[in-house]
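>>> With the sequence up front, the predicted model follows.
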Amino acid sequence: MQQRDPSRENGEPLVEPAALNKPSLIEWRTAALLTVVLMAAVVLWFEPWSEPRVEPASIERMASPLPDKPSIAVMPFASLSDDKSQESFIDGVTEDLIIDMSGMSALFVVARDPVFEYKDREYRIRDVAENLGIRYVLEGGVRRAGVRLRIEVQLIDALSGDYVWSETFDGVLDEVSALRARIAQDVLQQLTVKR
């Protein structure tokens, strides 16, 4: 005896219960599109390609009024290697760079002693700028391997919190004076363009 299928009496095809739960091609495409849009929104929100920012300094909290020309503190450069014996060489690079930049009449450069108070200490750019009464901070690091030398620098506008410029300089030990001169000239160019 044949069983009657009540769903086929009206001529309608039998709909399997599992088919009711399967998403259609349009639903898959919509879900994929929404996922892509959501991921794009997250990327745009966090802007991973943009330079990092630091907390801006306040002119009102400056220890002294900003000079009439671009003012900068060259912070003690860090060692980019684990070789502690290079520390005095790296300090010398920083000190000589301060001297080189101090000779530029277009810049106000903080002397060695106030900036070396921050050596081997964690600091915030905002605090350095407010304590020293300057707008720009130059940070850097040095790696020396035999006669090869690499100096990395980054220039930060403490009032805006923006990284203005960064560069890597490669050379040999005999060229350290020329590398410092290039760094000083590039910083001067960046600061006079920003003004």
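Structure's in. What do you need?
>>> Can you get me a residue count around Ser81?
Using other C-beta atoms under 10 Å, Ser81 has 15 other residues around it. Placement of C-beta: from N, CA and C, glycine included.
>>> meant to ask about Ala145
By other C-beta under 10 Å, the residues close to Ala145 number 11.
>>> Next: the one 3 residues further on.
Applying other C-beta under 10 Å, we find 11 other residues in the vicinity of Arg148.
>>> Tell me where this protein has helices.
Ranges of helices within the chain are 17-21, 25-46, 87-102, 112-116, 125-132, 176-194, based on DSSP state H.
>>> Dump these to a markdown table, plus mean neighbour count.
Shown next, in a markdown table, are the helices of the chain (neighbours: other C-beta atoms under 10 Å):
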| stretch | mean neighbour count |
| --- | --- |
| helix 17-21 | 7 |
| helix 25-46 | 10 |
| helix 87-102 | 18 |
| helix 112-116 | 15 |
| helix 125-132 | 21 |
| helix 176-194 | 17 |
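>>> Can you add mean pLDDT and give those helices back as a markdown table?
Converted to a markdown table, those look like this (pLDDT from 0 to 100):
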| stretch | mean pLDDT |
| --- | --- |
| helix 17-21 | 56 |
| helix 25-46 | 77 |
| helix 87-102 | 95 |
| helix 112-116 | 96 |
| helix 125-132 | 96 |
| helix 176-194 | 89 |
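>>> Among those, single out whichever gets nearest to Asp157.
The minimum distance between Asp157 and the helices of the chain falls on helix 176-194, with 7.2 Å, by C-beta to C-beta.
>>> and that closest one, what other elements does it pack with?
helix 87-102, strand 136-145, strand 148-157, strand 162-172 (3 or more C-beta pairs under 8 Å, 6 or more residues apart in numbering; DSSP states H and E).
>>> who touches that helix?
70, 72, 93, 96-97, 100-101, 104, 106-107, 136, 138, 140, 149, 151, 153, 155, 157, 164-165, 167, 169, 171 (C-beta atoms under 8 Å, 6 or more residues apart in numbering).
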